[in-house]
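Asker: Model the following, please.
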Amino acid sequence: MKNLIMVLFLIPNLIYCNSINEKDLAKDFDYIYKSFKKYNPEIDSLTVKNFTKVVNHYNLNKNRVDLEYLLGQILLESGAKHTYTNRYKGKFGKLVISNTGAIGFSQILGSTGLDCMVRLLKIDDVNEFYKLGTTDFKFAYDETLTKSCKIKLTKKWLSNKDNNIIMWGFIMKYNLSKRKILKALVGYNIGMGGLRKYLRDGNELSEHHYIVGIRRRLNDIK
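Answerer: So this is what the prediction gives:
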């Protein structure tokens, strides 16, 4: 833990070369942009470019079927919005937050984000987070802070769109390293414990409300 904390203090002061190939970015940018724009006409190209960069970095585009599901996931979670657009009178510019407190573009809970930082991120992952452009998150490892304080700070951290997208990319990369796309998606929605219980009860993945919702969003943009 001390080594990780040291890395967290040092990395923000380092300058990294962008290892993402611009040709790789261009390969999926148009497809992602058109998909998001059909659902959110006010999506901006910079958001799509950053999203595409994260998708490429975490190899989430290794096949078109998985990538399509992941785009449908974002459409279901937030409608491809981090803040409310002009179409939402009275809410314009406000952060998209669900009734359960899930935040932003990929609708991540503060508790989930903190758990990911503390339990899943290794030193190399921290390096990649900063390389991709996250803001500092050493608060997650500050033993003088209470858990509730850390969750509050994580929520603020997730309110940054780039942080939000990068965290999503890591979580889906992690989930997909252990299971196929439908399980990875349902696990994102109800947690791995919830996924195990859902399957143990004899339910079909394709009938889970999250997968049904994703497929409906994808049908909407066809």
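
Asker: is it true that residue 75 touches residue 218?
Answerer: Yes - because the distance of 7.4 Å satisfies C-beta atoms under 8 Å, residue 75 is recorded as touching residue 218. For the C-beta atoms, the positions are set from N, CA and C on the backbone; glycine is no exception.

Asker: Look at these two and report which has more neighbours.
Answerer: Set residue 75 next to residue 218 and count neighbours by other C-beta atoms under 10 Å: residue 75 wins out with 23 against 18.

Asker: residue contacts, residue 101?
Answerer: 109, 110, 155 (C-beta atoms under 8 Å, 6 or more residues apart in numbering).

Asker: Inside helices: which ones of these?
Answerer: 110, 155 (DSSP state H).

Asker: Look at residue 88 and report its pLDDT.
Answerer: Residue 88 is assigned a predicted lDDT (pLDDT) of 80.

Asker: quick check, it in a strand?
Answerer: No - applying DSSP: H, G, I helix; E, B strand; the rest coil, one finds residue 88 to be coil, outside a strand.

Asker: if we can go back for a sec, and which of the contacts of residue 101 is nearest residue 58?
Answerer: residue 109 (20.2 Å; C-beta to C-beta).

Asker: Got phi/psi on the residue nearest to that closest one when sequence neighbours are not counted?
Answerer: Nearest residue to residue 109 in three dimensions, chain neighbours excluded: residue 102, at 5.3 Å (C-beta to C-beta, 6 or more residues apart in numbering). Backbone geometry at residue 102, expressed as degrees, to the nearest 10, gives phi -70, psi 140.

Asker: which residue is nearest the middle of the chain?
Answerer: The centroid of the chain falls nearest to residue 168 when counting by C-alpha atoms, centre = their mean (1.6 Å).

Asker: mind checking how far it is from residue 139?
Answerer: Residue 168 sits 20 Å away from residue 139, going by C-beta to C-beta, to the nearest Å.

Asker: Same check on residue 177?
Answerer: 27 Å.

Asker: ok, these two, which is more surrounded?
Answerer: residue 139 (18 against 10).

Asker: right, and the more buried one touches residue 152 too?
Answerer: No - contact between residue 139 and residue 152 fails when scored by C-beta under 8 Å: they sit 9.5 Å apart.

Asker: tally of neighbours for residue 62?
Answerer: Using other C-beta under 10 Å, residue 62 has 11 other residues around it.

Asker: cool, and residue 121?
Answerer: Close neighbours of residue 121, defined as other C-beta under 10 Å, add up to 21.

Asker: per-residue pLDDT, it?
Answerer: 97.

Asker: For it, give its distance to residue 96.
Answerer: Counting by C-beta to C-beta - residue 121 and residue 96 are separated by 25 Å.

Asker: for residue 87, same thing?
Answerer: Per C-beta to C-beta, residue 87 is found 13 Å from residue 96.

Asker: Kind regards, and thank you for your time.
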